[in-house]
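A.B. asks: quick one: sequence and predicted model below, then my questions.
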Amino acid sequence: MNRANLTMLIDFYELTMANGYLQHGLKDKIACFDMFFRKVPDNGGFAIMAGLEQLIRYLQNLRFTEQDIEYLRSKKLFSEDFLHYLKMFNFSCDVWAVPEGCPIFPNEPVITVCGPVIEAQFVETMVLLTINHQSLIATKANRIVRAAQGRAVMEFGSRRAHGYAGAIYGARSAYIGGCAGTACTIAERDFAIPGLGTMAHSWVQMFPTELEAFRAYARTYPDNCTFLVDTYNVLKSGVPNAIRVFDEEVVLRGFRPKGIRIDSGDITYLSREARKMLDEAGFEDCRIVASNSLDEYIIRDILGQGAQIDLFGVGERLITSRSEPVFGGVYKLVAVQENGEMLPKMKLSENVGKITTPGFKLVWRLFDKDTGKAIADVLTTNEESIDESQPYELFDPECTWKRKTITNFSVQRLLQRIFDKGTCVYRSPELQVIRRYCQEQIDTLWDEVKRFENPHKYYVDLSKSLWEIKESLLQEYALKYSIFQCE
């Protein structure tokens, strides 16, 4: 799957536009596109960047096969010049991206692609598909992990994922977001994510009794014994049988039991009672695992009610981000080169939230040196920099009277160069490094930004120069196209 040629996984209009660009002499016109998103899923305070490694692999392997060319020829829409162009296609764009694991916020570029317009336009679908999906799952996973308050969360969602790619890359994203492991074996093989899992209810049902099922499993895996105790009756059958087998099959072989799993019923009540029974039997170190359609809200509530859970297995509501299954990233033209100069471009809309920020931009994150906490992100023109040795005035680009001058801060440039004229110049970190970086960066956010409900708004501001460019274009376009005028 990692080696599949996905060049033709595109929206058809990318091809019709590309053919048109070529026919109108725009093939070599340099254009700049930004990927950004407008809203954090689940009304959260931040999202998490993920999917860059897979995007890099896609961009490195862009090529049209003879079969692709013949298929497009059969459509009778495309010129032979265009089909020849595709046959000789070679990706030559510059690409910048925010590193995987980094917290990201609405309306700031997380990917910027700059190069010949056909190439830069062509990759839109896969940029969005790859980053949208993995960022969505990483963001949801982190919400669930934070709700677990230090308890491990295992990703259990393969069978509920939207296809096999969703399962595999969803497991990868969930690990970036903080999950401790996955039930998806291929994800362990490909990404070295710890693979986890023991038994299903079918194992218990295959034996004449639950006790015999537990005995058989313990004899096979005495050093990795976790029993699913809710097939029949958790407290009257499952836990007592587990304790008996722990004593007779596990401890006598010189091992300690790993745990029990509860997959149904009132998790709070059952876990509390099970904990008492295990402790009284001398198995204080036996962990209790909970599963069954969990999400961050259920986990938060049952822990608040005193549930005695050590690990959570979370499936469908994580791997599909069921509460909000669309990330909503977009890919918009922001600049076009004219006579060697990048001229800003802007999309207007009567929906103010869809008005884009023009220009070839940089993204900066400002940190308070005393606390280490992130203060705000600032978008600037490509020519600007932020001098951390000088006071800097932040202002809200929508409510410009809201201003704050900051001192004693440090600056981090977020967008990193990934491709230089089509050559990858970035080395993707190991997944474990990305996961650790993610946690470190989330720790720089104030707790108020991390609230599940009504989080504090983290500000993404514009530099004065960029704001002036945007305001000037707004006025120019509004006048030229009679935008925002009453009939």
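C.D. replies: In hand now; what should we look at?
A.B. asks: going forward, measure contacts and count neighbours with C-alpha atoms only.
C.D. replies: Will do.
A.B. asks: in the protein, where is pLDDT below threshold?
C.D. replies: Residue ranges of the chain with pLDDT under 70: 1-3, 483-487.
A.B. asks: show me the domain layout of it.
C.D. replies: 12-137+325-481, 141-319 (automatic domain parsing).
A.B. asks: single out the most deeply packed of those domains.
C.D. replies: Ranked by mean neighbour count under mean count of other Cα atoms under 10 Å, the domains of the chain are led by domain 141-319, which reaches a mean of 19.
A.B. asks: which residues does the residue nearest to residue 359 when sequence neighbours are not counted contact?
C.D. replies: Distances taken as Cα to Cα, 6 or more residues apart in numbering place residue 344 nearest to residue 359, at 4.1 Å, with adjacent residues excluded. Counting by Cα atoms under 8 Å, 6 or more residues apart in numbering, residue 344 touches 334-336, 358-360.
A.B. asks: can you show me the strands along the stretch 201-350 of the chain?
C.D. replies: Counting by DSSP state E, counting those that start in this stretch, one finds strands in the stretch 201-350 of the chain at the ranges 226-228, 259-262, 287-290, 311-314, 329-338, 341-344.
A.B. asks: columns distance to residue 129 on top of the ones you listed, output as TSV?
C.D. replies: Formatted as TSV, the strands of the stretch 201-350 of the chain follow (distance: least, Cα to Cα, whole Å):
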stretch	distance to residue 129
strand 226-228	37
strand 259-262	35
strand 287-290	32
strand 311-314	24
strand 329-338	9
strand 341-344	26
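A.B. asks: now for those, which one comes closest to residue 441?
C.D. replies: Between residue 441 and the strands of the stretch 201-350 of the chain, the tightest spacing by Cα to Cα is seen for strand 329-338, at 21.3 Å.
A.B. asks: packing partners for that closest one?
C.D. replies: strand 30-37, helix 124-147, strand 341-344 (3 or more Cα pairs under 8 Å, 6 or more residues apart in numbering; DSSP states H and E).
A.B. asks: how about the ones you listed in CSV, adding distance to residue 398?
C.D. replies: Shown next, in CSV, are the helices and strands packed on strand 329-338 (distance: least, Cα to Cα, whole Å):
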stretch, distance to residue 398
strand 30-37, 17
helix 124-147, 26
strand 341-344, 20
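A.B. asks: tell me which of these sits nearest to residue 411.
C.D. replies: Nearest of the helices and strands packed on strand 329-338 (Cα to Cα): strand 30-37, 21.0 Å.
A.B. asks: who's in contact with whatever helix or strand comes next after that closest one?
C.D. replies: Next along the chain after strand 30-37, taking DSSP states H and E as the criterion, comes strand 47-48. Contacts to strand 47-48, defined as Cα under 8 Å, 6+ apart, come from residues 40-41, 100-105, 135-136, 138-139, 177, 438.
A.B. asks: reformat those as a markdown table; add distance to residue 118.
C.D. replies: Formatted as a markdown table, the contacts of strand 47-48 follow (distance: Cα to Cα, whole Å):
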| residue | distance to residue 118 |
| --- | --- |
| 40 | 30 |
| 41 | 31 |
| 100 | 27 |
| 101 | 30 |
| 102 | 30 |
| 103 | 31 |
| 104 | 28 |
| 105 | 28 |
| 135 | 26 |
| 136 | 28 |
| 138 | 31 |
| 139 | 32 |
| 177 | 34 |
| 438 | 34 |
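A.B. asks: please report how far the spatially most central residue of the chain lies from residue 50.
C.D. replies: The residue lying closest to the centre of the chain (Cα atoms, centre = their mean) is residue 135, at 1.6 Å. To residue 50, residue 135 is 5 Å away according to Cα to Cα, to the nearest Å.
A.B. asks: same deal with residue 112?
C.D. replies: For residue 112 relative to residue 50 (Cα to Cα), the value is 15 Å.
A.B. asks: I'd assumed residue 438 was in contact with residue 177.
C.D. replies: Yes. Under the criterion of Cα atoms under 8 Å, residue 177 makes contact with residue 438 at 7.0 Å.
A.B. asks: what is in contact with these two at once?
C.D. replies: 48, 101.
A.B. asks: picking that back up, tell me which two of the contacts of residue 344 sit farthest apart.
C.D. replies: Pairwise distances across the contacts of residue 344 (Cα to Cα) peak at 10.4 Å, for the pair 336 and 358.
A.B. asks: anything in contact with each of these two?
C.D. replies: Joint contacts of residue 336 and residue 358 (Cα under 8 Å, 6+ apart) are 344-345.
A.B. asks: if we can go back for a sec, quick one: contacts for the residue nearest to the centre of the chain?
C.D. replies: 47-51, 173, 327.
A.B. asks: now do the shared contacts for residue 135 and residue 50.
C.D. replies: Common neighbours of residue 135 and residue 50, counting by Cα under 8 Å, 6+ apart, are residue 173.
A.B. asks: in TSV: the contacts of residue 135, plus distance to residue 472.
C.D. replies: Formatted as TSV, these follow (distance: Cα to Cα, whole Å):
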residue	distance to residue 472
47	31
48	32
49	31
50	34
51	35
173	40
327	31
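A.B. asks: nearest to residue 247 among those?
C.D. replies: For the contacts of residue 135, the nearest to residue 247 is residue 173 (39.2 Å; Cα to Cα).
A.B. asks: would you confirm that that closest one contacts residue 137?
C.D. replies: Yes. Using Cα under 8 Å, residue 173 makes contact with residue 137 at a distance of 5.7 Å.
A.B. asks: sorry, back to before: ok, the contacts of strand 47-48 vs residue 311, which is closest?
C.D. replies: Nearest to residue 311, judged by Cα to Cα, of the contacts of strand 47-48 is residue 177 at 16.1 Å.
A.B. asks: ok, that closest one - contacts?
C.D. replies: Listed by Cα under 8 Å, 6+ apart, the contact set of residue 177 reads 48, 101, 137-142, 145, 435, 438-439.
A.B. asks: one more time with 10 Å, if that's ok
C.D. replies: Going by Cα atoms under 10 Å, 6 or more residues apart in numbering, residue 177 touches 47-50, 101, 134-146, 171, 434-436, 438-439, 442.
A.B. asks: pull up the gap between it and residue 141, please.
C.D. replies: Distance, residue 177 to residue 141, by Cα to Cα: 5 Å.
A.B. asks: between the two, what contacts are shared?
C.D. replies: Common contact partners of residue 177 and residue 141 (Cα under 10 Å, 6+ apart): 48, 135, 171.
A.B. asks: I figured the last one hits residue 158, correct?
C.D. replies: Translated: residue 171. Yes. Under the contact definition of Cα atoms under 10 Å, residue 171 touches residue 158, with a separation of 8.0 Å.
A.B. asks: can you list residues touching both of those two?
C.D. replies: 165, 182-185, 319.
A.B. asks: just the ones of those residues in strands?
C.D. replies: Using DSSP state E, the subset of these located in strands is residue 182.
A.B. asks: format the shared contacts of residue 171 and residue 158 as CSV; extra columns: distance to residue 89.
C.D. replies: Formatted as CSV, the shared contacts of residue 171 and residue 158 follow (distance: Cα to Cα, whole Å):
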residue, distance to residue 89
165, 26
182, 38
183, 40
184, 36
185, 36
319, 35
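A.B. asks: for the shared contacts of residue 171 and residue 158, which one is nearest residue 152?
C.D. replies: Relative to residue 152, and with distances defined as Cα to Cα, the nearest of these is residue 182, at 11.2 Å.
A.B. asks: which strand residues bridge the closest one?
C.D. replies: residue 155, residue 195 (DSSP bridges).
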